[in-house]
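Participant: sequence plus the predicted model coming up.
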Amino acid sequence: MAACIIPLPPVRSDGKIEGNVSCNGKIVIGPKGNVTGNIVSANAEILGEVEGSIHVSAKLVLKATAVIKGDIFAQTLEIEPNARFN
(Lines give C-alpha, C1' and ligand atoms only; values in the text may rest on other atoms or scores of the structure.)
Protein backbone atom coordinates (compact mmCIF):
# COMPACT_ATOMS: atom_id res chain seq x y z
CA MET A 1 0.00 0.00 0.00
CA ALA A 2 1.42 3.39 -0.96
CA ALA A 3 1.39 6.22 1.54
CA CYS A 4 2.10 9.91 1.76
CA ILE A 5 3.13 10.65 5.32
CA ILE A 6 3.36 14.20 6.66
CA PRO A 7 4.04 13.78 10.40
CA LEU A 8 5.02 16.32 13.03
CA PRO A 9 8.78 16.40 13.70
CA PRO A 10 10.90 14.69 14.86
CA VAL A 11 10.14 11.43 13.05
CA ARG A 12 11.84 8.05 13.40
CA SER A 13 11.08 4.90 11.41
CA ASP A 14 12.50 1.46 12.10
CA GLY A 15 10.03 -0.31 9.84
CA LYS A 16 9.03 -0.39 6.18
CA ILE A 17 7.41 2.60 4.47
CA GLU A 18 6.11 2.46 0.91
CA GLY A 19 5.36 5.98 -0.25
CA ASN A 20 6.61 9.52 0.16
CA VAL A 21 7.54 11.01 3.52
CA SER A 22 7.54 14.77 4.11
CA CYS A 23 8.41 16.57 7.35
CA ASN A 24 9.31 20.16 8.33
CA GLY A 25 11.81 18.95 10.93
CA LYS A 26 14.13 15.95 11.26
CA ILE A 27 13.55 12.45 9.91
CA VAL A 28 15.56 9.47 11.16
CA ILE A 29 15.44 6.17 9.29
CA GLY A 30 16.76 3.56 11.73
CA PRO A 31 19.13 0.69 10.87
CA LYS A 32 16.20 -1.67 10.21
CA GLY A 33 14.18 1.03 8.44
CA ASN A 34 13.33 0.79 4.75
CA VAL A 35 11.71 3.53 2.66
CA THR A 36 10.54 2.98 -0.90
CA GLY A 37 9.63 6.52 -1.91
CA ASN A 38 10.90 10.07 -1.70
CA ILE A 39 11.90 11.86 1.51
CA VAL A 40 11.54 15.63 1.92
CA SER A 41 12.63 17.28 5.18
CA ALA A 42 14.73 20.00 6.77
CA ASN A 43 17.19 17.49 8.29
CA ALA A 44 17.60 13.74 7.94
CA GLU A 45 19.73 10.96 9.38
CA ILE A 46 19.72 7.68 7.48
CA LEU A 47 20.91 4.42 9.03
CA GLY A 48 18.75 2.07 6.94
CA GLU A 49 17.74 1.79 3.29
CA VAL A 50 16.07 4.35 1.02
CA GLU A 51 15.01 3.70 -2.56
CA GLY A 52 14.01 7.11 -3.89
CA SER A 53 15.09 10.74 -3.84
CA ILE A 54 16.11 12.52 -0.65
CA HIS A 55 15.56 16.31 -0.57
CA VAL A 56 16.93 17.93 2.59
CA SER A 57 16.99 21.72 2.94
CA ALA A 58 19.70 21.69 5.64
CA LYS A 59 21.79 18.69 6.79
CA LEU A 60 21.69 15.06 5.61
CA VAL A 61 23.71 12.46 7.54
CA LEU A 62 24.39 9.05 6.00
CA LYS A 63 25.52 6.64 8.72
CA ALA A 64 27.81 3.65 8.04
CA THR A 65 24.84 1.27 7.64
CA ALA A 66 22.96 3.50 5.15
CA VAL A 67 22.11 2.24 1.65
CA ILE A 68 20.68 4.85 -0.73
CA LYS A 69 19.35 4.06 -4.21
CA GLY A 70 18.34 7.41 -5.64
CA ASP A 71 19.21 11.07 -5.93
CA ILE A 72 20.42 13.17 -3.00
CA PHE A 73 19.78 16.91 -2.67
CA ALA A 74 21.11 18.60 0.48
CA GLN A 75 22.77 21.84 1.55
CA THR A 76 25.14 19.94 3.87
CA LEU A 77 26.05 16.26 3.48
CA GLU A 78 27.87 14.15 6.07
CA ILE A 79 28.85 10.61 5.02
CA GLU A 80 30.32 8.04 7.38
CA PRO A 81 32.73 5.40 6.06
CA ASN A 82 30.94 2.33 4.60
CA ALA A 83 27.72 4.22 3.79
CA ARG A 84 26.58 3.26 0.28
CA PHE A 85 24.73 5.34 -2.31
CA ASN A 86 24.27 5.45 -6.07
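Facilitator: On my side now, so go ahead. Numbering: from 1, shown residues only.
Participant: tell me which stretches of this protein form strands.
Facilitator: 3-5, 11-13, 16-22, 26-29, 34-36, 39-41, 43-46, 49-51, 54-62, 67-69, 72-79, 84-85 (DSSP state E).
Participant: point out the other helices and strands that the third one packs with.
Facilitator: Spelled out, that is strand 16-22. In terms of contacts (3 or more C-beta pairs under 8 Å, 6 or more residues apart in numbering; DSSP states H and E), strand 16-22 is packed against strand 3-5, strand 34-36, strand 39-41. Placement of C-beta: from N, CA and C, glycine included.
Participant: the second one pairs with which strands, parallel or anti?
Facilitator: Read it as strand 34-36. Partners of strand 34-36 in the sheet, by DSSP bridges, are strand 16-22 (parallel), strand 49-51 (parallel).
Participant: so who does residue 70 touch?
Facilitator: Counting by C-beta atoms under 8 Å, 6 or more residues apart in numbering, residue 70 touches 38, 50, 51, 52, 53, 54.
Participant: of the helices and strands packed on strand 16-22, which shows the lowest average pLDDT?
Facilitator: Ranked by mean pLDDT, the helices and strands packed on strand 16-22 end with strand 3-5 at the bottom, a mean of 56.
Participant: please name the nearest non-neighbouring residue to residue 57.
Facilitator: residue 42 (5.1 Å; C-beta to C-beta, 6 or more residues apart in numbering).
Participant: tell me who's in contact with that neighbour.
Facilitator: 9, 23, 24, 25, 26, 56, 57, 58.
Participant: apply 7 Å and report the result again.
Facilitator: With contact set as C-beta atoms under 7 Å, 6 or more residues apart in numbering, residue 42 has these partners: 24, 25, 26, 56, 57, 58.
Participant: please apply the same query to residue 55.
Facilitator: Per C-beta under 7 Å, 6+ apart, neighbours of residue 55: 40, 73.
Participant: partners of the closest residue to residue 78 other than its chain neighbours in the sheet?
Facilitator: Sequence neighbours aside, residue 61 is the residue nearest to residue 78 in space, at 4.6 Å (criterion: C-beta to C-beta, 6+ apart). On the basis of DSSP bridges, residue 61 is bridged to residue 45, residue 78.
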